[in-house]
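K.L.:
the sequence isn't on hand, but the structure is:
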């Protein structure tokens with residue numbers, strides 16, 4: 001099959017904020033592992049913190065929690 005390429009796209013669900021050192025090591029490990037399995041290309045999905053909607057969600061959530069704590073209606 002000419003032109004066929006096997007690729008992988010890992011998604012780091014446990015990461016909400018990227019750590020460049022960890023992601024670099026993860027990339028190295030995944031590319032090495034994928035290469036042994038015959039996978040020719042490995043790309044990675046960006047972490048959630050690169051999405052402004054996720055950051056907005058965190059800000060809204062934190063603001064709501066702060067309001068509840070200040071009013072005495074919520075707990076941490």
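P.N.:
In hand now; what should we look at? Keep in mind that this is a model prediction, so the values were computed, not measured.

K.L.:
low-scoring stretches of the protein, by residue?
P.N.:
1-5, 7-19, 74-76 (pLDDT under 70).

K.L.:
scan the protein for its longest helix.
P.N.:
Among all segments of the chain classified by DSSP state H, the helix with the greatest residue count is helix 52-71.

K.L.:
how far away from the center of its chain is that helix?
P.N.:
Here helix 52-71 shows a centroid-to-chain-centroid distance of 20 Å under the convention Cα atoms, centre = their mean, to the nearest Å.

K.L.:
mind listing what's buried in it?
P.N.:
By neighbour count, and taking 16 or more other Cβ atoms under 10 Å as the criterion, helix 52-71 has no buried residues at all. Any C-beta I mention is one placed from the backbone N, CA and C, and that applies to glycine too.

K.L.:
just list what it packs against, helices and strands only.
P.N.:
Contacts defined by 3 or more Cβ pairs under 8 Å, 6 or more residues apart in numbering; DSSP states H and E place helix 52-71 against no helix or strand at all.

K.L.:
surely residue 6 and residue 42 touch.
P.N.:
No - at 10.0 Å, residue 6 and residue 42 do not qualify as touching, with contact defined as Cβ atoms under 8 Å.

K.L.:
residue 23: neighbour count?
P.N.:
A count of neighbours around residue 23, defined by other Cβ atoms under 10 Å, yields 15.

K.L.:
wait, doesn't it sit right on residue 49?
P.N.:
No - counting by Cβ under 8 Å, no contact exists between residue 23 and residue 49, whose distance comes to 11.6 Å.

K.L.:
which one of residue 6 and residue 42 has more residues nearby?
P.N.:
Looking at residue 6 and residue 42 with other Cβ under 10 Å, you find the greater number of neighbours at residue 42, namely 17 against 11.

K.L.:
what about that one, distance to residue 34?
P.N.:
Going from residue 42 to residue 34 by Cβ to Cβ, to the nearest Å gives 5 Å.

K.L.:
thank you kindly, that will do.
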